[in-house]
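>>> curious how this folds, go ahead:
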Amino acid sequence: MSTPPRATEQQADDAGDPAQDIQQGTRYDGRNRTEAAHDSPLTSRRGTLFDLCAVTAAALLFTAAAIVGRSYPDSKETLRLRWPPMSAYWLPHWGPGTFAALTFAVLVVAYGPSLARTVPWRMLLLGCWSAAMAWSWSLALVDGWHRGVAHRLAAKYEYLQSVGEVDDVATTLREFTSRILMDAPDNWPPHVAGHPPAALLTFVGLDRLGLSGGGWAAAFAITVGASAAAAALVTVRTLVTEDAARRCAPFVMLAPAAVWMGVSADGYFTAVSAWAVALLALSATRTVRAPRTVALCSGLLFGLTCYLSYGLVLMGIIALGVLVTARTVRPVPFVLLGMIPWFAVFTAAGFWWFEGYFTLVERYYQGAARVRPYAYFVWGNLAAQVAVVGPAVVAALRRTSVLRTAVDRARRLGALRVLVAAGVCCLLAADLSGMSKGETERIWLPFTLWLLPATALLPLRSMRLWLGAQAGLALTVNHLLITGW
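Model prediction:
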């Protein structure tokens, strides 16, 4: 029996509506769904025009931050940035990773969306992790092996400078806070002083295992950091739908943030916090056999996160978003139980987290923050994020705020909006705190990760164009600027 024409037209309309598919939890497999014959409200030309307007506004914000930043009488000394609003300097270049990055970008744009819709779920997770690694490695190698990889974590401000000073971990922890201030004897380098001791001890551990030097440290940071892509997909699938996770997968693989993920310890921090969130989502929705054990593991990772970076306590906002979405607080006692060992061990060893944090605040205003104007960075930081998240995320964020009332009531789509809103709240809280005056391209990577799922709302017909824009932005930044801090 043939399908009535009116029903066929309605199916075609629904197939082009990302919100409709996320609401229903359907999966695009390329076999039993068709491209839209007629645009639905979210995929209409008007919607695309609004997307482009949002991207244009974001580009103007970035341009304004660059112009205003350069208008300071001595921006290098006042802002302590050579290419405001980003921590970078202008140097057009190419390197061993150029061809690999271009080739990889073309392959993901051409085949990423279709493969993400059809491959088995576990293969998609492994593929997303591998793709994120390949993207990070190729972009890092654009700067060459020494400058782009081996020297990144061995620079004078970085962790490897202090690895050789740790002969006894217990002694290091007892003395850690006393070496944070700039006028302290044998004060720590900026990155060591700016983080709790677990960050330094991670690289000490690698060294003790025989994986010493910048090359091994970089390989660790990229390998672990890239797994954040898989963690994000697990979270989206658990809280929203598998279709939503598959839709955003190519954008997670090809995120411009990879310019700063490789090579950066913040990429490692991003992965640890992302898996903490993913395990919390699995536990809260009880989609695993042992939800309490999974919640305990989530707590262990959240506890480690607190001792990797002070600012990552803001990941509690993401965790709250997960609990709100799952409508439960059942995992909370087990998460807290998992966090306790970290606080107990570090405190017993002589490092008190709060003392370290307030000493860091004093150190922070002994350095660049003392002269950097809050009035500029409170909006310049947000402008810099345009280059980190890319135009596709800007357009997708616009779509999260204009959904139809009927769709807004969909619990699954609401979960996506809550997750993304939590990421935005983390950015705003960090920004308003005044403890992020510049250099936020790397510092905020654990937060910007949670803006990427919004790309699930982009229509399929324009997905490759948005992916191309993402890749083009990353390649442009990486080939025109030397990024760092």
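>>> any idea how far the nearest residue to residue 215 once chain neighbours are set aside is from residue 138?
Nearest residue to residue 215, sequence neighbours excluded (Cβ to Cβ, 6 or more residues apart in numbering): residue 150, at 4.7 Å. C-betas here are computed from N, CA, C, even on glycine. Distance, residue 150 to residue 138, by Cβ to Cβ, to the nearest Å: 16 Å.
>>> between the two, which one's more packed in?
residue 138 (24 against 18; other Cβ atoms under 10 Å).
>>> measure that one to residue 101 for me?
Residue 138 is 4 Å from residue 101, by Cβ to Cβ.
>>> repeat for residue 351
In terms of Cβ to Cβ, residue 351 sits 41 Å off from residue 101.
>>> kindly report the same for residue 64.
29 Å.
>>> these two: which is more packed in?
Neighbour totals were compared for residue 64 and residue 101, and residue 101 leads with 27 against 14 (other Cβ under 10 Å).
>>> check contacts around that one.
For residue 101, the contacting residues are 135, 138, 139, 142, 474, 475, 478, by Cβ atoms under 8 Å, 6 or more residues apart in numbering.
>>> could I get those residues as JSON lines with secondary structure and distance to residue 280?
As requested, the contacts of residue 101 are exported to JSON lines (DSSP: H, G, I helix; E, B strand; the rest coil; distance: Cβ to Cβ, whole Å):
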{"residue": "135", "secondary structure": "helix", "distance to residue 280": "27"}
{"residue": "138", "secondary structure": "helix", "distance to residue 280": "32"}
{"residue": "139", "secondary structure": "helix", "distance to residue 280": "30"}
{"residue": "142", "secondary structure": "helix", "distance to residue 280": "36"}
{"residue": "474", "secondary structure": "helix", "distance to residue 280": "30"}
{"residue": "475", "secondary structure": "helix", "distance to residue 280": "35"}
{"residue": "478", "secondary structure": "helix", "distance to residue 280": "33"}
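>>> of those, which is the nearest to residue 365?
residue 478 (32.5 Å; Cβ to Cβ).
>>> which residues of this structure fall in strands?
Using DSSP state E, the strands of the chain run over residues 88-90, 481-483.
>>> okay, buried residues for the last one please.
Okay, so that is strand 481-483. Neighbour counts over strand 481-483 (16 or more other Cβ atoms under 10 Å) mark 481, 482, 483 as buried.
>>> same question, the first one
Within strand 88-90, the residues scored as buried using 16+ other Cβ under 10 Å are residue 88.
>>> now for the chain, the helix or strand with the poorest mean pLDDT.
The weakest-scoring helix or strand in the chain, judged by mean pLDDT, DSSP states H and E, is helix 5-15 (a mean of 37).
>>> with the contacts of residue 101 in mind, which one is nearest to residue 288?
residue 135 (29.4 Å).
>>> so who does the closest one touch?
The contact partners of residue 135, taken as Cβ under 8 Å, 6+ apart, are 101, 104, 105, 108, 253, 254, 255, 258.
>>> burial of the fourth one, as a residue count?
By the other Cβ under 10 Å criterion, the neighbourhood of residue 108 contains 24 residues.
>>> look up how far residue 139 lies from the nearest residue to it once chain neighbours are set aside.
Distance criterion Cβ to Cβ, 6+ apart; nearest residue to residue 108, sequence neighbours excluded, is residue 254 at 5.0 Å. Separation of residue 254 from residue 139 (Cβ to Cβ): 11 Å.
>>> these two: which is more packed in?
Neighbour totals were compared for residue 254 and residue 139, and residue 139 leads with 30 against 26 (other Cβ under 10 Å).
>>> show me the contacts for the more buried one.
97, 101, 258, 259, 262, 474, 475, 478.
>>> which one is it nearest to, not counting chain neighbours?
Per Cβ to Cβ, 6+ apart, closest to residue 139 is residue 478, 5.1 Å.
>>> just the buried residues of stretch 73-93, please?
Neighbour-count burial for stretch 73-93 [16+ other Cβ under 10 Å]: 75, 78, 79, 80, 81, 83, 84, 85, 86, 87, 88.
>>> hang on, isn't the fifth one packed against residue 438?
Yes: contact between residue 81 and residue 438 holds when scored by Cβ atoms under 8 Å: they sit 5.8 Å apart.
>>> joint contacts of those two?
Joint contacts of residue 81 and residue 438 (Cβ under 8 Å, 6+ apart) are residue 87.
>>> measure residue 266 to residue 64 for me?
Distance from residue 266 to residue 64, by Cβ to Cβ: 26 Å.
>>> and the pLDDT at residue 75?
The score at residue 75 is 66. That number is its pLDDT.
>>> one more: residue 44?
66.
>>> check residue 24 too.
Reported pLDDT for residue 24: 55.
>>> what sits against residue 352?
residue 177.
>>> so what does it have for phi and psi?
phi -100, psi 120 (degrees, to the nearest 10).
>>> and the gap between it and residue 154?
30 Å.
>>> in stretch 192-207, which residues are buried?
192-204, 206-207.
>>> go ahead and confirm residue 150 touches residue 213.
Yes: between residue 150 and residue 213 there is a contact at 7.2 Å, judged by Cβ under 8 Å.
>>> can you give me the helices in the stretch 1-150 of the chain?
5-15, 18-24, 45-71, 75-78, 97-118, 121-142, 145 (DSSP state H, counting those that start in this stretch).
>>> between those, which gets nearest to residue 282?
Comparing those by Cβ to Cβ, helix 121-142 comes nearest, at 13.1 Å.
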